[in-house]
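Enquirer: A structural model of the following input is requested.
(one chain, ligands or ions: 1)
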Amino acid sequence: MEGLASLRVPFQTTQFHSSRPRTSILPSQAIFFHKRSSFSSFSASAQVESNDGSATVATPGESVTEALKTKEWEVGMFQNEVAASQGIRIRRRPPSGPPLHYVGPFQFRLQNEGNTPRNILEEIVWNKDTEVSHLKERKPLGVLKKALENAPPARDFIGALKAANERTGLPGLIAEVKKASPSRGILREDFDPVEIAKAYEKGGAACLSVLTDEKYFKGSFENLEAIRMAGIKCPLLCKEFIIDAWQLYYARTKGADAVLLIAAVLPDLDIKYMIKICKLLGLTALVEVHDEREFDRVLAIEGIELIGINNRNLETFELDISITKKLLEGERGKIIRERGITMVGESGLFTPDDIAYVKEAGVKAILVGESIVKQNDPGKGISNLFGKDISLG
Ligand SMILES: O=C(O)c1ccccc1NCC(=O)[C@H](O)[C@H](O)COP(=O)(O)O
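Expert: As a prediction, the model looks like this:
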């Protein structure tokens, strides 16, 4: 789509690319502008049928493209309302609406509280929404379904974690291939994803987590594909911000064996629907929670086999590994044991004491990035983390 720019840069992530004079901008406001497509000159009233079969009416002066954008925004607003009713604070779309104003070839939007993300997770989700809609245009679902025929077979992610847990008596390790993160910046300058993946596997990792988000984590689907094609045997988690079922198909075509579904972002119906699609594709869903409310929502969903407790608050970056313990105490821990759900402790794990602490809390697996990816030898980083060599020898 069009180039998006902002004068006030939220979280220092968007860039200004315009030669447009800045004098017309109010001091506390910013402007998003887009180059208008050739469709924009079409101004007669028109009706178009959208994906859900309903019709969108373009009023006089409004192009079909603009009308569709408005419709898309309305759907987003409905999603925001459903999500909010489930305690989800992340808004799927900016609530103050799509771009409104046209001058010459540019489309303007005043930046205000309603269209500025409230935290980094919301910013990531809004960007992902735009990114995915562009990708979908390039590779529609039909094309992906065809590509699935050539995808490598999916491997047993939970089976690998359980086997490692039985072999070592310690939580099975999902080792994360991550170059950077919003909370920590660049973690490793000399980043060779395949070399890191090989070192992790040699060091005793049961599974690998590969960041595919480019903008915030400097990851890529090329990394995921390259690791899969390099002969790595560990099952691979596609660590992505999933907001659309299309991404599940895409991840599978790139060699993923598992995907992450974040309860702080996805309403219950989305999680239920995506779990069904995952089963259809042979993908394992790691459903991530951070607090009691999210955990209870997820426990009420049928067919959940793998739940991660993220010790990092993705809105504030605050890390607290006692969250894993708190959520697994009492009735919830009992339900987990009765149902045989595999629990994963995620984020902020650095020492053998941390591992002992979350193991004691009841996790059978851990997801670790920073503490091992930063080591010169990430394989050695694994022995340091566990306080002993857990490789197959
Ligand atoms: O890590 C971040 O800054 C972050 C920000 C926004 C959304 C997600 C984020 N991280 C994802 C993760 O939770 C971690 O990559 C993963 O659990 C490993 O954590 P760590 O061992 O602390 O690197």
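Enquirer: can you list the residues of the stretch 201-350 of the chain near the ligand?
Expert: 310, 312, 314, 317, 346-349 (Cβ under 6 Å from any ligand atom). All C-beta atoms are positioned from the backbone trio N, CA, C, and that covers glycine.
Enquirer: who wins on neighbours among the residues you listed?
Expert: residue 346 (29 neighbours; other Cβ atoms under 10 Å).
Enquirer: ok, now how distant is that one from residue 334?
Expert: 22 Å (Cβ to Cβ, to the nearest Å).
Enquirer: returning to that earlier point: so which of the residues of the stretch 201-350 of the chain next to the ligand sits lowest on pLDDT?
Expert: Of all these, residue 314 carries the smallest pLDDT score, 87.
Enquirer: dump the residue contacts of that residue.
Expert: By Cβ atoms under 8 Å, 6 or more residues apart in numbering, residue 314 lies in contact with 120-121, 262, 264, 290.
Enquirer: which phi and psi does it have?
Expert: phi -70, psi -10 (degrees, to the nearest 10).
Enquirer: then residue 138?
Expert: Backbone geometry at residue 138, expressed as degrees, to the nearest 10, gives phi -70, psi -40.
Enquirer: count the residues that sit near it.
Expert: With other Cβ under 10 Å as criterion, residue 138 counts 7.
Enquirer: change the start of the numbering to 31 and stick with it
Expert: Shifting the count to begin at 31 puts that one at residue 168.
Enquirer: from residue 276, how far out is it?
Expert: 11 Å.
Enquirer: what do you get for residue 241?
Expert: 19 Å.
Enquirer: of those two, who's got more company?
Expert: residue 241 (25 against 18).
Enquirer: sec struct for the residue of the stretch 181-330 of the chain found nearest the ligand, please.
Expert: As assessed by Cβ to the nearest ligand atom, the ligand sits closest to residue 213 within the stretch 181-330 of the chain, at 3.1 Å. Assigned with DSSP: H, G, I helix; E, B strand; the rest coil, residue 213 falls in the coil class.
Enquirer: so what's it up against?
Expert: Contacts of residue 213 by Cβ under 8 Å, 6+ apart are 342, 347.
Enquirer: was I right about residue 187 contacting residue 264?
Expert: No - judged on Cβ atoms under 8 Å, residue 187 makes no contact with residue 264 at a distance of 9.3 Å.
Enquirer: mind listing the helices for the stretch 81-230 of the chain?
Expert: Listed in chain order, the helices of the stretch 81-230 of the chain (DSSP state H, counting those that start in this stretch) span 94-115, 150-168, 171-177, 187-198, 223-233.
Enquirer: again, but for the stretch 281-423 of the chain
Expert: Under DSSP H, counting those that start in this stretch, the stretch 281-423 of the chain gives helices at 298-311, 322-329, 352-358, 360-369, 382-391, 400-403, 408-416.
Enquirer: okay, and the common contacts of residue 187 and residue 264?
Expert: residue 237.
Enquirer: between these two, point out the one with more neighbours.
Expert: A count of neighbours by other Cβ under 10 Å puts residue 187 above the other of residue 187 and residue 264, at 28 against 23.
Enquirer: who touches that one in this structure?
Expert: Applying Cβ under 8 Å, 6+ apart, the residues near residue 187 are 237, 265, 267, 287-288, 314, 316, 336.
Enquirer: that one and residue 301, how far apart?
Expert: The spacing between residue 187 and residue 301, counted by Cβ to Cβ, is 17 Å.
Enquirer: check residue 117 too.
Expert: 14 Å.
Enquirer: when the two are compared, which one has more neighbours?
Expert: residue 301 (22 against 13).
Enquirer: would you confirm that that one contacts residue 317?
Expert: Yes - Residue 301 lies in contact with residue 317 (Cβ under 8 Å); the separation is 6.4 Å.
Enquirer: quick check: residue 402 touching residue 227?
Expert: No - Residue 402 is beyond contact range of residue 227, at 11.8 Å (criterion: Cβ under 8 Å).
Enquirer: and these two? Which one has more around it.
Expert: residue 402 (28 against 25).
Enquirer: which ones are touching that one?
Expert: Neighbours of residue 402 in contact, by Cβ under 8 Å, 6+ apart: 205-206, 230, 408, 411-412, 415.
Enquirer: from residue 310, how far out is residue 281?
Expert: 13 Å.
Enquirer: I meant residue 161, not that one.
Expert: On the measure of Cβ to Cβ, residue 161 and residue 310 end up 24 Å apart.
Enquirer: which one of the two has more residues nearby?
Expert: Using other Cβ under 10 Å as the criterion, residue 161 and residue 310 rank with residue 161 on top: 17 against 11.
Enquirer: tell me, what residue is most central in this structure?
Expert: Centroid-nearest residue in the chain, with Cα atoms, centre = their mean: residue 271, separated by 1.4 Å.
Enquirer: about what we covered before: can you list the helices of the stretch 281-423 of the chain in JSON lines and add mean pLDDT?
Expert: Shown next, in JSON lines, are the helices of the stretch 281-423 of the chain (pLDDT from 0 to 100):
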{"stretch": "helix 298-311", "mean pLDDT": "97"}
{"stretch": "helix 322-329", "mean pLDDT": "97"}
{"stretch": "helix 352-358", "mean pLDDT": "98"}
{"stretch": "helix 360-369", "mean pLDDT": "97"}
{"stretch": "helix 382-391", "mean pLDDT": "98"}
{"stretch": "helix 400-403", "mean pLDDT": "98"}
{"stretch": "helix 408-416", "mean pLDDT": "97"}
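Enquirer: with distance to residue 172 added, can I get the ones you listed in CSV?
Expert: Compiled in CSV, the helices of the stretch 281-423 of the chain are given as follows (distance: least, Cβ to Cβ, whole Å):
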stretch, distance to residue 172
helix 298-311, 15
helix 322-329, 31
helix 352-358, 41
helix 360-369, 37
helix 382-391, 43
helix 400-403, 37
helix 408-416, 39
